[in-house]
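In: I would like to see how this sequence folds:
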Amino acid sequence: MNLSFDPIERAHENWSRRWGASPAMAAVTSIMRAQQILIGQLDNALKPYELTFARYEALVLLTFSASGQVPLGKIGERLMVHPTSVTNTIDRLERQGLVRRRPNPNDGRGTLAEITDSGRAVVEDATRDLLALDFGLDCYDEDELWHIHSLFTKLRVDFGDFPGDSEVAEDPTEI
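Out: A predicted model of the protein is given here:
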């Protein structure tokens, strides 16, 4: 879809005539379009592995764990998703043979998700493919990427995802 004009800029011009200029409207619309573009590129890269980006993130989180297993509640906390989403994600990964559920020995009612050898292999291959396309952001240089990261970090801190620079994790390798 190659338009001869920027539809977001056109929408902002119309918006401005009706309600006044809103850089926030233009920014959020650009962010939402960028999300659509990136999801399309990432999903396309992950399609050969029958993964979505959400399932890929869960597998990566499990590979970061020293034991390869993480309680389901901790997965939701770290990926910042609802418990139902974690259950659905782990269900799919389990059906694919990439993860298995195990009882949590530290919590009689809890469940651990454990990555399998197949899951580890898929993470390595999928990560190689995502890195090759720079996660869909290859149009930016390294400085621009860090700038984008810092801009969104500010939003996430303001939203309350984490306290920001004032507090540093005691153990940065802890999942």
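In: Please make it C-alpha for all contacts and neighbour counts, starting now.
Out: OK.
In: so where's this structure uncertain?
Out: Along the chain, segments meeting pLDDT under 70 span 166-174.
In: Going by neighbour count, which residues in the longest helix seen in it are buried?
Out: Taking DSSP state H as the criterion, the chain has its longest helix at helix 23-46. Going by neighbour count (16 or more other Cα atoms under 10 Å), the buried part of helix 23-46 is Ala26, Thr29, Ile39, Gln41, Leu42, Asp43, Ala45, Leu46.
In: Spell out, range by range, the strands that occur in this structure.
Out: 69-71, 99-103, 111-115 (DSSP state E).
In: thinking again about what came up before, please produce a markdown table containing the buried residues of helix 23-46, extended by distance to Phe53.
Out: Listed next are the buried residues of helix 23-46 as a markdown table, based on distance: Cα to Cα, whole Å:
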| residue | distance to Phe53 |
| --- | --- |
| Ala26 | 26 |
| Thr29 | 22 |
| Ile39 | 8 |
| Gln41 | 10 |
| Leu42 | 7 |
| Asp43 | 6 |
| Ala45 | 10 |
| Leu46 | 7 |
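In: For the strands of the chain, could you give me JSON lines that also reports mean neighbour count and distance to Leu145?
Out: JSON lines is the format used below for the strands of the chain (neighbours: other Cα atoms under 10 Å; distance: least, Cα to Cα, whole Å):
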{"stretch": "strand 69-71", "mean neighbour count": "22", "distance to Leu145": "30"}
{"stretch": "strand 99-103", "mean neighbour count": "18", "distance to Leu145": "32"}
{"stretch": "strand 111-115", "mean neighbour count": "23", "distance to Leu145": "30"}
